[in-house]
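> Following is a predicted model, sequence given first.
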Amino acid sequence: MSAMIFFLVRTQYENTGDLAINRECIKLLRQRGVLHVNVSGVPDAFVNGLQLYPQEIVSPKTFWANLIFQSLRGLSVYLFLVPGGLGGYDYPYRPLKELLFRFVYASLRKIGVRIIRLGCSFSPVLPSIEIPFRKRHESIDFIGLRDSTSLAYARALGLENVGFFPDFAFMLEPVAGEEAEGSYAVLSFRSRDATEAAIITATVQKFLQMVDRGRKLSVVIAVQVEFDRSFAKDLASVLSSDRQVSLTAPETEIDKFIAIYQGADWLLSNRLHVLIFGLIGNANTVALTNYDRDQKIIGMFEDLEIAERLIAQDGSNLSNVTELSVAPNPRAIIRMKDGAGQLLDRILISDWERPWEHSH
């Protein structure tokens, strides 16, 4: 009998990148079992973007009741948690919340539910949270981490139930669509404060001067999260003094973004999924990074063997850009895409003996 796969959608609903990875995760899962998706509390636009089949959408009550019932019947039942970033910031009662998750996960596993999270990354947590954070995640059967930096951190915490699994954004297909006309660069950034905004703006101006090469590239500033719109508008105001600039809004039609990215001459960003969209669209992609904060981007680019495309936020190594004349399409990117299904099949093995050993 087919596996019973339950997928719980809890993420940043305003983020196009999170929509993309959840949609691609669902596509892979539905090929491997009977899929049940709990979209309670999820905005309609996000649900529509997931491209679910009507029979896959279930109410919270039906979701949990069926998960428990089918597991007690002895069927192969899997609970998949959403992909994305984990760890990082602290908030009130977080240690208690981590331990509560551990209790829920442990209870479900006792009745035979296998709990899996794929395509995620770990950011370092405060020392006061490390133990409950580890306790929560050691109660999951398997965690597929999307970069070697996260994998090393998880193992340093003492987690043994971890292995590599690529970011689901690599599963996206290049699309045919309307691209911006002429030669253009795509920009997309998150800025935390005015000081950082000024540093990024200065580096962007230098970057564009270097890649113009005797022509004025037009610029498309992509806003994937509403939070980033304010800085995007400020950046557009600065850049529009001597070149054509357009601004995109957060978009639930992912393919529209991909079409823009794959037609770009250059793409510069400090947003993980913008960078992946650029890579799969074969744009000449460059990551603007804060070394202390952007370890998941740095780790991923190192894994892809394109570390030369990592540019410091202050532009101190910006001269590297002059040597990047060809858009990256390394074999590693193709392996990420083609290997995900095989990795998932290995994780869903019947004997369930240390699945992480099969996912290197």
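Cool, the structure landed.

> May I see the buried residues of the top helix by length along the chain?
Taking DSSP state H as the criterion, the chain has its longest helix at helix 194-212. Across helix 194-212, burial judged by 16 or more other Cβ atoms under 10 Å covers Glu196, Ala197, Ile199, Ile200, Thr201, Thr203, Val204, Phe207, Leu208, Val211. No exception for glycine: its C-beta is placed from N, CA and C like everyone else's.

> do stretch 118-135 as well
118-122, 124-125, 129-130, 132-135.

> rewinding a little: by contact count, what packs against the longest helix of the chain?
strand 184-188, helix 229-239, strand 266-269, strand 284-289 (3 or more Cβ pairs under 8 Å, 6 or more residues apart in numbering; DSSP states H and E).

> mind checking how far the closest residue to Leu268 other than its chain neighbours is from Asn270?
Leaving aside its chain neighbours, Leu268 sits nearest to Val286 (5.0 Å; criterion: Cβ to Cβ, 6 or more residues apart in numbering). Look at Val286 and Asn270: by Cβ to Cβ, to the nearest Å, they are 10 Å apart.

> Tell me where this protein has helices.
16-30, 44-50, 60-72, 94-110, 127-137, 148-156, 194-212, 229-239, 254-262, 272-280, 295-303, 331-347.

> Out of those helices, which one sits most buried?
helix 272-280 (a mean of 27; mean count of other Cβ atoms under 10 Å).

> What lies in contact with it?
Identification of contacts with helix 272-280 by Cβ atoms under 8 Å, 6 or more residues apart in numbering yields 16-18, 20-21, 167, 169-170, 172-174, 186, 188, 222, 224, 257-258, 261-262, 264, 267, 269, 285, 287, 296-297, 300-301, 304, 328-329, 333, 337.

> Run the angle between that helix and helix 331-347 for me.
Angle, helix 272-280 to helix 331-347, by axes from the mean of the first three to the mean of the last three Cα atoms, to 10 degrees: 110 degrees.

> Run through the stretch 201-350 of the chain and note the low-pLDDT ranges.
By pLDDT under 70, the weakly predicted segments of the stretch 201-350 of the chain are 250-252, 326-327, 329-330, 349-350.

> what do you get if the cut-off is 50, keeping everything else the same?
Counting by pLDDT under 50, the ranges of the stretch 201-350 of the chain that qualify are 350.

> Look up how far Gly163 lies from the residue of the chain most remote from its centre.
Residue farthest from the centre of the chain, counting by Cα atoms, centre = their mean, is Gly214 at 35.5 Å. Distance from Gly214 to Gly163, counting by Cβ to Cβ: 48 Å.

> Ser123 too?
18 Å.

> Leu145 too?
7 Å.
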